[in-house]
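# Just need the structure, nothing else, for what follows:
(2 chains)
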There are 2 protein chains.
Amino acid sequence: MNRSAAPAPFAASFAEPVGSPIRELFPYLSRPGMISLAGGYPSPSLFDAEGLAQAAQQAMTQGAGTLQYGATEGQPALREALAQQAQERGMQATPADILVTTGSQQAFDLLVRVLIEPGDTVLVEVPAYPATLQALRLAQARILPIPMDAQGLQTQALAELLASLPAEQRPKLLYTVPNFSNPRGTLLAAERREALVQLAVQYGFWVVEDDPYGELCFDDPQGQPLAMPPTLRAVGERLASSGHNPVIYLSSLSKTVAPALRVGWMLADAPLLRRCTVAKQTADLCTSPLTQAVAACYLHSGRYPATVQRARREYQRRMQALVQGLSEGEHSGIRCTRPAGGMFVWAELDRSIDPQQLFDAAVAQGVVYVPGKAFYPANPDLHTLRMSFAAPEVAQIEQAVLRLRAAVKAGTPP
Amino acid sequence: MNRSAAPAPFAASFAEPVGSPIRELFPYLSRPGMISLAGGYPSPSLFDAEGLAQAAQQAMTQGAGTLQYGATEGQPALREALAQQAQERGMQATPADILVTTGSQQAFDLLVRVLIEPGDTVLVEVPAYPATLQALRLAQARILPIPMDAQGLQTQALAELLASLPAEQRPKLLYTVPNFSNPRGTLLAAERREALVQLAVQYGFWVVEDDPYGELCFDDPQGQPLAMPPTLRAVGERLASSGHNPVIYLSSLSKTVAPALRVGWMLADAPLLRRCTVAKQTADLCTSPLTQAVAACYLHSGRYPATVQRARREYQRRMQALVQGLSEGEHSGIRCTRPAGGMFVWAELDRSIDPQQLFDAAVAQGVVYVPGKAFYPANPDLHTLRMSFAAPEVAQIEQAVLRLRAAVKAGTPP
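Predicted structure coming up:
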């Protein structure tokens, strides 16, 4: 009886899994003096550490409920505060319409579980957030890219694609980041919001509106806060017939308060929310009631608006340092978007530049970004890249621009 | 263009999902004066609220790292403390062998993603933890029950089943709670641990050793702490040939420190751990670095051993109040196990009792438990039930016993 069999195999999706392409850049980040434009991390200097410490202290005095298991749907005080955020963003919401999730990453994961089966068609704006692409790949979805331009997802191209798809390829859902998208930084135009939701109603697919960055809008040239177009969910409230709103709204406190809370949330119609709650029971039972209590105390403390305002101002300064540094003066070879909010700048390289040579030269100069390949489900445009201006200070960004310019020179044939 | 299509359908597993059978009891729990033996919650009076408040305060002074995103694998200080816990339980472990998870519920969920495809065979000791059964059902696994007795999972029955299975039904994994199982409270006998791991090596299946309760062992009649048999993972270290240990060890701080931290952990060989880390990237990116820092500060504070010791003593008192109350004096009609640790007592009813009538009578008397049906994947023994002695105080348990006895009388034909 000493025979032994080979271990049972992994599921097909995990036979040779590929990790996050952004995590693969980690080894470069630890090099001394490296300036990173690669991560998607908010600026640690903008965390309200004092306010969060007070919130944590307050949360710990709230008795055993803060230490015990909690309801899968989330803690009542936090759901109330998040419903209020939703209302302030122009959407109808009661606490019962909110599911608290372990970051908005979990919210998307729950949606994939509840909606997607292998072979199902999913529409994704491209270039797209890599973790979304990875979740869909692992679920063996059929990913169809929808192109973007400076106004965001191209709804005309979407309409043409939908008209051409045979019935058995009818999409289950469409994923978009309408506000300051990752990686492109674009704001979806108001009329395209209408068109997108109309198509969702017409063809019966769900729209996942992922909105972690909407609060981080910059001032316009007159110094006034940007007037934000309505959320897709709000458009859905108006357009959806028969009481079914096809838009699922996701947001998060990770970019505005602190990622370490792992507090995201979903606002959706009851039949979907109920199923996501069942999925969450087996995923992690509940999001930490301790961090939920910290988040609720923080949101109730009244410090949130000033914290967000500080982040808006500072990110705008950093964005300007990056975009102006690359666009002013001698041609840099790198054409940037100029986002109206968020954390990311998308760039296209002159076709004379070899993307891999540029990346190597940039690393040698002491600056790292994410090559564009990571953001495409297939057929990447290799002459693209993503830079985040959120984490480095303005002085570092100015230094990064000099290094990028030097890298272009080093990587361009004379 | 005002046509509208029906919404895209949910995935088959979520067409009509059934929530947790234990959560369905929630409406009863809120009745005034109700004593609940139903939940699986640890006692809030045993939380070290003062020590955790100090740990939280300390964590908040550790700088921005406590507020930022963290590595998917977990925070270094916590992985170190958990590796030490593993060593103290007789297993080989370095911090690199530990994956921190959002509760051990997530650990099992990651394993299901990485290992199970629809139709795969999974072995489960029965009666079993309902959330495990639910996760496997949603993954469309083929669940084969392995019976238990007072010594735990019956390895002889397992051996016979394995010998009879055709090759295409070769199981991917076996799930067991060897220490004070939920719901049966049994401790798997040492010789069965050897036999189980030998079968795993011989037939090439993975063993999921879920161990949230192992630290909660009671004193023996001489007042000495129970001598615990080796973990399955430790047996695997010795038996496994070719360097592959088939045992995946899961544990958690939820039952010993506080559930709200949502800190669980997995100890497994590198190929599996790496894949679970990739799965976790799309599940929730990382477990809260804030609660991880609180947990690490708490474990380093030196208060953990006394906290666990206090829980051991108190749970033993509560268990005795329940088991002796039901077994002494006039026959109660309810035959209990007498667990040597953990949080649960499993009971069989006299066949003369109608299980549904008893449940209704118990609720009418003001006591609620979980009917046994929830713990079976199929063919439940309806004359069973689970009682948790962890959450109510001794005086409440004594009252609960009186109510249960009254309910039996009310529900038994004269």
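# count of neighbours near the residue in the stretch 101-250 of chain A that chain B sits nearest to?
Nearest residue of the stretch 101-250 of chain A to chain B (C-beta to the nearest C-beta) works out as A:G204 at 3.1 Å. Using the backbone N, CA and C atoms, a C-beta is placed for each residue, glycine as well. By other C-beta atoms under 10 Å in any protein chain shown, 19 other residues sit near A:G204.
# A:K373 contacts A:L382, correct?
Yes: at 6.1 Å, A:K373 counts as touching A:L382 under the criterion of C-beta atoms under 8 Å.
# Quick check, A:R262 in contact with B:T287.
Yes: A:R262 lies in contact with B:T287 (C-beta under 8 Å); the separation is 7.2 Å.
# Which residue does the stretch 301-414 of chain A have closest to chain B?
Counting by C-beta to the nearest C-beta, the stretch 301-414 of chain A gets nearest to chain B through A:A391 (9.3 Å).
# List the residues that contact that residue.
A:36, A:39, A:41-44 (C-beta atoms under 8 Å, 6 or more residues apart in numbering or on different chains).
# Buried ones only from these, please, as a PyMOL command.
The command below creates a PyMOL selection of those among the contacts of A:A391 that count as buried (16 or more other C-beta atoms under 10 Å in any protein chain shown):
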select buried, chain A and resi 36+39+41+42+43
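# Where is the longest strand in chain A?
strand A:142-149 (DSSP state E).
# and the helix or strand that that strand is followed by, what other elements does it pack with?
Later in the chain than strand A:142-149, the nearest helix or strand by DSSP states H and E is strand A:152-153. In this structure, strand A:152-153 packs against helix A:190-203, with contacts taken as 3 or more C-beta pairs under 8 Å, 6 or more residues apart in numbering or on different chains; DSSP states H and E.
# And the contacts of the helix it packs on?
A:151-156, A:158-159, A:162, A:170-171, A:174, A:176, A:178, A:188, A:206-207, A:229-230, A:232, A:235-236, A:239-241, A:246-247, B:1, B:3-5.
# Could you look up the next helix or strand downstream of that helix?
strand A:206-210.
# outside of that next one, which residues touch it?
Residues outside strand A:206-210 that contact it (C-beta under 8 Å, 6+ apart): A:104, A:108, A:111, A:115, A:129, A:132, A:172-178, A:196-197, A:200, A:231-233, A:236, A:246-250, A:272, B:7-8.
# Grab the CA positions of it and hand them over as PDB.
C-alpha atoms of strand A:206-210 as PDB (Å, rounded to 0.1, in the frame of the first residue of the first chain):
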ATOM      1  CA  TRP A 206     -26.100  44.600 -17.700                       C
ATOM      2  CA  VAL A 207     -23.800  47.600 -17.400                       C
ATOM      3  CA  VAL A 208     -21.200  47.600 -14.700                       C
ATOM      4  CA  GLU A 209     -20.400  51.200 -13.900                       C
ATOM      5  CA  ASP A 210     -17.200  51.100 -12.000                       C
END
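# Filter the contacts of helix A:190-203 down to just the ones in strands.
A:152-153, A:174, A:176, A:206-207, A:247.
# how about those residues in a markdown table, adding neighbour count and pLDDT?
Shown next, in a markdown table, are these (neighbours: other C-beta atoms under 10 Å in any protein chain shown; pLDDT from 0 to 100):
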| residue | neighbour count | pLDDT |
| --- | --- | --- |
| A:G152 | 23 | 97 |
| A:L153 | 28 | 98 |
| A:L174 | 27 | 98 |
| A:T176 | 27 | 98 |
| A:W206 | 25 | 97 |
| A:V207 | 24 | 98 |
| A:V247 | 28 | 98 |
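# phi, psi of A:T384?
Backbone torsions of A:T384, given as degrees, to the nearest 10, read phi -140, psi 160.
# Provide the partner residues of it in its beta bridges.
A:T384 forms beta bridges with A:E348, as assigned by DSSP bridges.
# Look at it and say how many residues are nearby.
The number of residues near A:T384, taken as other C-beta under 10 Å, comes to 21.
# Kindly report the same for A:S30.
A:S30 has 8 nearby residues by other C-beta under 10 Å.
# Let me know the pLDDT of it.
A:S30 is assigned 81 on the pLDDT scale.
# ok, so what distance separates it from A:S388?
A:S30 sits 17 Å away from A:S388, going by C-beta to C-beta, to the nearest Å.
# repeat for A:Y315
10 Å.
# and if you look at A:F14?
29 Å.
# So for the two, which sits in the more crowded spot?
With neighbours defined as other C-beta under 10 Å, A:F14 and A:S388 compare such that A:S388 has more, 27 against 19.
# So what's the residue count around A:Q356?
11.
# swap in the one 5 residues further on?
A:A361 is flanked by 21 other residues according to other C-beta under 10 Å.
# ok so it is a helix residue?
Yes: assessed by DSSP: H, G, I helix; E, B strand; the rest coil, A:A361 belongs to a helix.
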